[in-house]
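Novice: sequence unknown, structure follows:
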């Protein structure tokens, strides 16, 4: 009986002192580190002429750009064309792909964006520009080596009367800013 009394006293003292089973101070459960979740954020209103995106084709010097305008945003494809009347002259041809009310860009990569037009009745219009980052992996013919490269795929949709309904462009990711 005396040993059971000692044992009970020992348990009582350890629980009072915070020792023994379950007597250790409890730590707060650790929260996992916050991970970057890709989201889209609306592009802040900037100055007229600010370039949001510019992708250049190094082989022929053509480029696609999305710029800030007074009323929103505009995407255009720019190229050098020969003058049909004078073969010694060239001129810059700027083809507008669409005009947009809002643009959203990715928080992870600002080259990934969605731009669209809001109609007067509040609905999303039929004019959209969407960019997508694409990673391609190819196997070298006759070998086992693979090569990967990143591209920016751009879809410009414009269903306004008289416009080309859809135009697609692909640029190397390193050629886009």
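Specialist: Right, received. Where do you want to start? For clarity, every value in this text was computed on a predicted model and none was experimentally measured.
Novice: just how off-centre is the longest strand that the chain contains within its chain?
Specialist: Looking across the chain with DSSP state E, the single longest strand is strand 124-139. Relative to its parent chain, strand 124-139 has a centroid offset of 10 Å by C-alpha atoms, centre = their mean, to the nearest Å.
Novice: so what are the sheet partners of that strand and their directions?
Specialist: Sheet pairing for strand 124-139, assigned by DSSP bridges, gives strand 113-118 (antiparallel), strand 146-158 (antiparallel).
Novice: with distance to residue 126 as extra columns, can I get those strands in TSV?
Specialist: In short, each C-beta sits where N, CA and C put it, glycine included. Output for those, formatted as TSV (distance: least, C-beta to C-beta, whole Å):
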stretch	distance to residue 126
strand 113-118	8
strand 146-158	7
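Novice: closest one to residue 98 among those strands?
Specialist: The closest of these to residue 98 is strand 146-158. By C-beta to C-beta, the value is 4.6 Å.
Novice: could you point out which element follows that closest one?
Specialist: Scanning forward in sequence from strand 146-158 by DSSP states H and E, the next helix or strand is strand 166-172.
Novice: for residue 174, helix, strand, or coil?
Specialist: helix (DSSP: H, G, I helix; E, B strand; the rest coil).
Novice: what about it, how many neighbours?
Specialist: Counted with other C-beta atoms under 10 Å, residues neighbouring residue 174 total 11.
Novice: no further queries at this time; thank you.
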